[in-house]
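Enquirer: predicted coordinates and the sequence they were generated for:
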Amino acid sequence: MRPTLVSETLHEYIVENSLPVDDVQRALMERTATVGDRARMRIGTPQGTFFTLLAQMMSARKAIEVGTFTGYSALSIARGLPADGHLLTCDVSEEWTAIAQEAWKEAGVSDRIELRLGPALDTLRSLPTDPEWDLAFIDADKANYTAYYEELVPRMRPGGVILVDNVLWFSTVVDDPEGEGAPMRAFNAHVAADPRVEAVILSIGDGVTVVRKRAQDPGRP
């Protein structure tokens with residue numbers, strides 16, 4: 001994915017001074033490029049590295065992803081899980097996820113990843129409501145972001161983290177707040193006002209929100 005908040009030169013510097021990509025990641029990026037304009041939906045390499053490190057730092061064991069595409073983000077998260085960890089990822093495209101599954105196998109993490117094809121809301125609503133998930137990532141159709149978020153928050157453990165992609169939507173949240181940026185601006189306001197969580201927007205890629213579910217504390221709202 002092309003950088004959106006920093007120059008190409010600065011982006012290259014960030015990549016060069018971060019954990020390097022390996023042959024599997026490089027091959028997946030090349031395969032993703034063959035899908036045409038939609039290739040821009042892949043998360044950037046610094047974002048993927050951040051996801052891996054965050055999963056490791058959290059000691060995450062159960063993760064869930066809404067929006068698989070060609071599997072770079074799922075690969076990144078799965079690599080941060082222990083050998084017996086589990087990532088449930090949701091998508092509707094057999095074509096794109098076929099690329100993903102090939103990469104997961106090459107990386108040796110396919111046994112950690114469960115792919116469910118079908119509308120993600122149906123998948124989320126079919127899950128038990130127990131708060132047992134450690135980490136989640138939302139990167140699918142923007143119109144349903146709030147719906148995905150509302151299904152996920154009750155299912156996250158206290159201290160669990162939800163990552164949300166494209167929250168600045170190519171800067172339209174401020175450049176065109178009543179037009180193209182309106183849906184994402186509304187979602188961001190919804191998260192910011194949610195007393196169940198604490199959140200921060202990071203200026204990485206097209207903007208990533210890190211949402212942490214508050215501990216169960218009756219003294220807090």
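Expert: Thanks, I have the structure now.

Enquirer: now do the helices in the protein.
Expert: Using DSSP state H, the helices of the chain run over 8-16, 23-33, 45-58, 72-79, 94-107, 120-126, 145-152, 172-175, 182-192.

Enquirer: just how off-centre is the longest strand anywhere in the chain within its chain?
Expert: The single longest strand within the chain, with elements called by DSSP state E, is strand 156-165. The chain centroid and the centroid of strand 156-165 are separated by 10 Å under Cα atoms, centre = their mean, to the nearest Å.

Enquirer: what's the pLDDT at residue 53?
Expert: Turning to residue 53, the model gives it a pLDDT of 98.

Enquirer: now do residue 1
Expert: At residue 1, pLDDT is 53.

Enquirer: now the closest residue to residue 190 other than its chain neighbours: how far from residue 14?
Expert: In space, and not counting its chain neighbours, residue 190 is closest to residue 146: 5.5 Å by Cβ to Cβ, 6 or more residues apart in numbering. In this view, the C-beta of every residue, glycine as well, is placed from N, C-alpha and C. Distance, residue 146 to residue 14, using Cβ to Cβ, to the nearest Å: 31 Å.

Enquirer: with residue 95 instead?
Expert: Distance from residue 95 to residue 14, by Cβ to Cβ: 31 Å.

Enquirer: likewise for residue 162?
Expert: Distance from residue 162 to residue 14, by Cβ to Cβ: 24 Å.

Enquirer: which of these two has more neighbours?
Expert: The neighbour count for residue 162 versus residue 14, taken as other Cβ atoms under 10 Å, is higher for residue 162 (25 against 16).

Enquirer: contacts only, for the more buried one.
Expert: Contacts for residue 162 (Cβ atoms under 8 Å, 6 or more residues apart in numbering) come out as 135-138, 149, 152-153, 156, 197, 209-211, 213.

Enquirer: now render these as JSON lines, adding pLDDT, distance to residue 71 and neighbour count.
Expert: Output for the contacts of residue 162, formatted as JSON lines (pLDDT from 0 to 100; distance: Cβ to Cβ, whole Å; neighbours: other Cβ atoms under 10 Å):
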{"residue": "135", "pLDDT": "99", "distance to residue 71": "17", "neighbour count": "25"}
{"residue": "136", "pLDDT": "98", "distance to residue 71": "17", "neighbour count": "28"}
{"residue": "137", "pLDDT": "98", "distance to residue 71": "12", "neighbour count": "28"}
{"residue": "138", "pLDDT": "98", "distance to residue 71": "16", "neighbour count": "25"}
{"residue": "149", "pLDDT": "98", "distance to residue 71": "22", "neighbour count": "21"}
{"residue": "152", "pLDDT": "98", "distance to residue 71": "20", "neighbour count": "22"}
{"residue": "153", "pLDDT": "98", "distance to residue 71": "25", "neighbour count": "18"}
{"residue": "156", "pLDDT": "98", "distance to residue 71": "23", "neighbour count": "23"}
{"residue": "197", "pLDDT": "98", "distance to residue 71": "27", "neighbour count": "20"}
{"residue": "209", "pLDDT": "98", "distance to residue 71": "22", "neighbour count": "22"}
{"residue": "210", "pLDDT": "98", "distance to residue 71": "22", "neighbour count": "17"}
{"residue": "211", "pLDDT": "98", "distance to residue 71": "23", "neighbour count": "23"}
{"residue": "213", "pLDDT": "98", "distance to residue 71": "26", "neighbour count": "23"}
